[in-house]
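Enquirer: This is the structure alone, sequence omitted:
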């Protein structure tokens, strides 16, 4: 099953997650709060309509085992405060280039309201805090105001809605492989997406590796949830078929002609199957399903810059709206007052997705909401207890049998002993399900 960010833009409805140096003096002339006090750039700085994960954190931090709530990679903080707070607005060169991209493409008004920042939140696994990247309010925003408003034309349209994420992944990979806009592209006035692409989670980085797509067989078995393993292996099979059918022939043509159109770097190294896996994960974790013109019955798979950089919070009141039509505006509207400095989160999965989907499609376990994210586990548990509610009776019976192989106490001991991040995530998942089974009554 492919969920994507699984948010559908309606008028007020949602269902659901390259450095190229040039001057940013133009922000100074606009007195933009993001760049009013630009500091020197240091090379050490550094995914349906509800958003998801993007770039990586500054070097020097230890990433959490299961990702952190979407867009921002997590690293431990020395802060002792348990409440969320903003450490700083991101002014790295890569991010400034992204701001410039937003400004140049008729979305600059957003930069007076929000920016990319670093926030501190409490770790779900310990008493330590974690610094994450996300969207931060630069000023107070009143309920009903736009938080983000992005022209439809600025979104990357990856085609009609469908169940196979490998085709839009192939289209995205082609876009990623365009290291710089060709003269023909510039002459046609098309958008150069390289500053946005630079903000995506890096290839083989901790964000994508926390998805089950990259789990070892040991970790897939450790989930004690056979249907997740089956879906993961099916997606790998679909990805391999897409690679063999579409990607490898392009690589072969490029090799024979000495000009590889699908190269991952300036050394003309060709992409690999693992690159396509990465692109598939970008699709499942970032693409927003947005309805087309009213009455058309169409829906499109979009990647929407800035909106897809919001982190996840199941209790977020904010509303995503808009349609995939020329001249349309895709918005995140404040569902409650926001104070300057607060992180702006949105709800992935429309509030109905459980941790079975989060660990597969996004690469993290949802612990937002009350009782340390109990709801994200309870959603899965209700499928197990009711049967035929998103799971067949056979899938339910297989999962219940697998979960009975170990106790919560045994799982917790094993969790403390393992150092493998995918194994930790798998064991954490099954512990959460077992605790939910003890708690939920149907």
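Expert: It's in. The shown structure was predicted, so the numbers you read here are calculated from the model rather than taken from an experiment. Numbering: from 1, shown residues only.

Enquirer: Just give the closest residue to residue 178, not the sequence neighbours.
Expert: Excluding the flanking residues, the one nearest residue 178 by CB to CB, 6 or more residues apart in numbering is residue 194, at 7.2 Å. C-beta coordinates here come from the backbone N, C-alpha and C atoms, glycine included.

Enquirer: and residue 426, how many neighbours?
Expert: Residue 426 has 30 neighbours, counted by other CB atoms under 10 Å.

Enquirer: Distance of the residue nearest to residue 178 relative to residue 437?
Expert: Relative to residue 437, residue 194 is positioned 47 Å away (CB to CB, to the nearest Å).

Enquirer: likewise residue 137?
Expert: Distance, residue 137 to residue 437, by CB to CB: 39 Å.

Enquirer: of those two, who's got more company?
Expert: Ranked by neighbour count (other CB under 10 Å), residue 137 and residue 437 place residue 137 first, with 20 against 17.

Enquirer: Would you confirm that that one contacts residue 340?
Expert: Yes. Between residue 137 and residue 340 there is a contact under CB atoms under 8 Å: 5.5 Å.

Enquirer: name the helices or strands packed onto the helix or strand hosting residue 285?
Expert: For residue 285, the element it lies in under DSSP states H and E is helix 273-286. Judged by 3 or more CB pairs under 8 Å, 6 or more residues apart in numbering; DSSP states H and E, helix 273-286 is in contact with helix 166-176, helix 206-209, helix 226-242.

Enquirer: for the record, mean pLDDT for it?
Expert: Regarding helix 273-286, the rounded mean pLDDT is 94.

Enquirer: Look up the pLDDT of residue 222 for me, please.
Expert: Note on residue 222: pLDDT of 98.

Enquirer: what sits against it?
Expert: By CB atoms under 8 Å, 6 or more residues apart in numbering, the contact set of residue 222 is 423, 426-427, 430.

Enquirer: Could you export those residues as a markdown table, including secondary structure?
Expert: Shown next, in a markdown table, are the contacts of residue 222 (DSSP: H, G, I helix; E, B strand; the rest coil):
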| residue | secondary structure |
| --- | --- |
| 423 | helix |
| 426 | helix |
| 427 | helix |
| 430 | helix |
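
Enquirer: For those, work out which two are farthest apart.
Expert: Distances among the contacts of residue 222 were taken as CB to CB; the most separated pair is 423 and 430, at 11.0 Å.

Enquirer: what lines up beside the helix or strand just after the helix holding residue 285 in the sheet?
Expert: Moving toward the C-terminus from helix 273-286, the next helix or strand (DSSP H and E) is strand 288-291. If you go by DSSP bridges, strand 288-291 pairs up with strand 8-9 (parallel), strand 299-303 (antiparallel).

Enquirer: comparing the ones you listed, which gets the lowest mean pLDDT score?
Expert: Per-stretch mean pLDDT for those is lowest at strand 8-9 (a mean of 46).

Enquirer: how about the strands of this protein, start to end?
Expert: Counting by DSSP state E, the chain has these strands, from start to end: 8-9, 74-77, 85-89, 114-122, 129-137, 146-151, 156-160, 288-291, 299-303, 311-312, 319-321, 329-333, 343-346.

Enquirer: Find the least confident helix or strand in the protein, judged by mean pLDDT.
Expert: Ranked by mean pLDDT, DSSP states H and E, the weakest helix or strand in the chain is helix 25-29, scoring a mean of 27.

Enquirer: what bits of the stretch 301-442 of the chain have low per-residue confidence?
Expert: Scanning the stretch 301-442 of the chain for pLDDT under 70 picks out 369-370, 372, 387-388, 441-442.
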